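*Asks:* quick one: sequence and predicted model below, then my questions.
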Amino acid sequence: MAAQQSTPSIESAINRAKKEGDIELLRETASDPNSFILRQGWTGLDLGEANEIVSLRKLLDTLYTEIINKLEALNNLHESSDYQRCHRQSGLLDEVGADLAKAISAEIARLETEAEKLKGDIAELIGIDETPIG
């Protein structure tokens, strides 16, 4: 494919989208490749040669196949027992969030204690009673 700018950038963006399962990016690329390329700041493709058009058609077909594969994987995920269990336990996310908030609060308290100790150490080193933090 003869692009006016580096084709590997286009291919790497598409391959990254496939790997990450970025269905929206794959759809965007498949629906209007030239606009996608221009939005990325790349130079548009020269579609004058027939073999480039054939290559782009193959790429489009591959993108459509990948979109279908990702949608099937998403459907399989939704049908999985783990997803169903999490979906049924609506409070599970709140419980996990509360546990994380508790852990963060404990870390904040630990860091405040450490900051006070360091404040005292600094004051002792420079020979004053109290050192302002901040």
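*Replies:* The structure has been received and is ready for your questions.
*Asks:* going forward, measure contacts and count neighbours with C-alpha atoms only.
*Replies:* Will do.
*Asks:* just after the helix or strand containing T65, pick out the following helix or strand.
*Replies:* Assessed by DSSP states H and E, T65 sits inside helix 50-79. Using DSSP H and E, the helix or strand that follows helix 50-79 in sequence is helix 81-88.
*Asks:* what about dumping the CA coordinates of that following helix to PDB?
*Replies:* This file holds the C-alpha atoms of helix 81-88, laid out as PDB (Å, rounded to 0.1, in the frame of the first residue of the first chain):
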ATOM      1  CA  SER A  81     -21.300 -17.500  34.500                       C
ATOM      2  CA  ASP A  82     -18.800 -15.000  36.000                       C
ATOM      3  CA  TYR A  83     -20.500 -12.100  34.200                       C
ATOM      4  CA  GLN A  84     -24.000 -13.400  35.200                       C
ATOM      5  CA  ARG A  85     -22.800 -13.800  38.900                       C
ATOM      6  CA  CYS A  86     -21.500 -10.200  38.900                       C
ATOM      7  CA  HIS A  87     -24.600  -8.900  37.200                       C
ATOM      8  CA  ARG A  88     -26.900 -10.600  39.700                       C
END
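*Asks:* let me see the residues that make contact with that helix.
*Replies:* L77, H78, L92 (Cα atoms under 8 Å, 6 or more residues apart in numbering).
*Asks:* from these, which is closest to F36?
*Replies:* Nearest to F36 out of these is L77 (Cα to Cα; 29.1 Å).
*Asks:* residues contacting the closest one?
*Replies:* Counted by Cα under 8 Å, 6+ apart, L77 has contacts Y83.
*Asks:* what separates it from N69, distance-wise?
*Replies:* Applying Cα to Cα, to the nearest Å, the value for L77 to N69 is 12 Å.
*Asks:* for D32, phi and psi?
*Replies:* phi -150, psi 80 (degrees, to the nearest 10).
*Asks:* same thing with Q40?
*Replies:* As for Q40, its main-chain torsions (degrees, to the nearest 10) stand at phi -80, psi -10.
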